[in-house]
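S.K.: A predicted structure for the sequence below; I have some questions about it.
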Amino acid sequence: MNFSNELYKLLKVPESLGLIHPWIFQQSLIMRFRFGRCKIKKLQEIVIEKIKPEIEERLRQERKFGNNWKPPVDCIQYLLSQPGVDKENPDYVWISGYLLAITFASMSTTVSSTTNFLLDFASRPEYWDDLLEEQEKFNPNDKLTDLDQISKMEKLDSFLKEALRLTGNVFSLIHRVTGSELKFSNGYQLPRGSNVGIYLKNVHYDDERYGPDPNKFDGYRYLGKESPTSKVSRDFLHFGMGRHACPGRIFAINEIKMLSSILIKKYKITTKSKKRPPNFIISGVSFPNPEPLIFEKRMKA
Ligand code: HEM
């Protein structure tokens, strides 16, 4: 999380600079990374210090046992098996950078999605009894080892998807998509090599898709519609779409549902203000409001 926090600090460059020229915005970000007071390099050094002995040991084992060595199945091993990796002299900066990027992609997203879910749940008492009843049915002893049980929590899933729809990023999914110059029917042009992002609000708050009142929170919007949170579609881009859609989403959703189910059963959860505090938007990225959540232990009946 320290890494994610540091990365988000870098984003605090005024977007208006991009209106003067995208290059100025890009350079301001790079300058902060290179010369600003940012701890990312320090964190990367810590990661290298931790992984170096582990990698050295693995390479030693590989040299000693050859094909008889059974390597662990994990991200470090995946990176070591990439073509071009120099096993005599591994590039620790590259490996640690990759691991940090995966950590960033998987942890900060899951934490903020869970917080958004909890803030929505805590401020909407009209759903409490019904969702608690569902958790008691499918999670009777808090031992959620069966993924089938989790997939049966359809109300929880629908509520989670609605929370993510209304609190996700405003602008995201930036890809360099234009292999050649692109001309739209309305005359707009994109030069070759442009970075293109999607204004997600146009999708997630679209009244043709979510009308007549797309801003309204409807926790059971997706119930019975065969539209689970894990399903990527043109209507729901929280996990992206297409070739680069998030490969970790099913894991993340199960994780969020597991945790939420246990918390809903154990605690009465409220926000301090009893309202849904709004998220903060910085450079198009949505951050949950830091207002405290209050957990009161439920008395056993
Ligand atoms: C609620 C949690 C998560 C959210 C909201 C989320 C969201 C996203 C989004 C929006 C993308 C970009 C898709 C695109 O560029 O079109 C993405 C990509 C990715 N995510 Fe996640 N993610 C989550 C959890 C995870 C987890 C737990 C992992 C790994 C265990 C993970 C691994 C990745 C990877 C490796 C990519 C890059 C895929 C590619 O470029 O082909 N994510 N994620």
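M.R.: That came through, no problem.

S.K.: Run through the residues of the chain sitting next to the ligand.
M.R.: By CB under 6 Å from any ligand atom, the part of the chain that sits against the ligand consists of 102, 105-106, 109-110, 113, 173, 238-240, 244-249, 251-252. C-beta: built from backbone N, CA, C; applies to glycine.

S.K.: what about 5 Å?
M.R.: With CB under 5 Å from any ligand atom as the criterion, the chain meets the ligand at residues 105, 106, 109, 110, 113, 173, 239, 240, 244, 246, 248, 252.

S.K.: pretty sure the fifth one is touching residue 259, no?
M.R.: No. Under the criterion of CB atoms under 8 Å, residue 113 lies out of contact with residue 259, with a separation of 10.9 Å.

S.K.: Of these two, give the one with the bigger neighbour count.
M.R.: The residue with more neighbours, out of residue 113 and residue 259, is residue 113; 24 against 15, by other CB atoms under 10 Å.

S.K.: What values do phi and psi take at the more buried one?
M.R.: When read as degrees, to the nearest 10, the backbone of residue 113 gives phi -70, psi -40.

S.K.: Distance check, it against residue 279.
M.R.: Going from residue 113 to residue 279 by CB to CB, to the nearest Å gives 12 Å.

S.K.: One more: residue 159?
M.R.: In terms of CB to CB, residue 159 sits 17 Å off from residue 279.

S.K.: In the chain, what helix or strand scores lowest on average pLDDT?
M.R.: With mean pLDDT, DSSP states H and E as the measure, the helix or strand of the chain carrying the lowest mean pLDDT is helix 2-10 (a mean of 69).

S.K.: Could I get the CA-only coordinates of the following helix or strand past it as PDB?
M.R.: Downstream of helix 2-10, the next assigned helix or strand under DSSP states H and E is helix 16-20. Extracted C-alpha coordinates of helix 16-20, given in PDB (Å, rounded to 0.1, in the frame of the first residue of the first chain):
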ATOM      1  CA  SER A  16      -5.000  21.700 -16.600                       C
ATOM      2  CA  LEU A  17      -1.400  21.400 -17.700                       C
ATOM      3  CA  GLY A  18      -2.500  18.900 -20.200                       C
ATOM      4  CA  LEU A  19      -4.800  21.400 -21.700                       C
ATOM      5  CA  ILE A  20      -1.800  23.700 -22.400                       C
END
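
S.K.: Just the buried residues of stretch 249-262, please?
M.R.: 249, 252, 253, 255, 256, 257, 258, 260, 261 (16 or more other CB atoms under 10 Å).

S.K.: Would you mind naming the helix or strand containing the residue nearest in space to the middle of the chain?
M.R.: In the chain, the C-alpha nearest the mean C-alpha coordinate belongs to residue 109, at 2.4 Å (CA atoms, centre = their mean). Assessed by DSSP H and E, residue 109 sits inside helix 109-122.

S.K.: List the contacts of that helix.
M.R.: 1, 127-128, 131, 159-160, 162-164, 166-167, 217, 219, 238, 252, 255-256, 259-260, 263-264, 269-271, 276-277, 279, 286-289, 291, 293-294 (CB atoms under 8 Å, 6 or more residues apart in numbering).

S.K.: And the next helix or strand past it?
M.R.: Following helix 109-122 in sequence order, the next helix or strand is helix 128-138 (DSSP H and E).

S.K.: and that next one, average pLDDT?
M.R.: Taken as a whole, helix 128-138 has a mean pLDDT of 96.

S.K.: Please consider this matter closed, and thank you.
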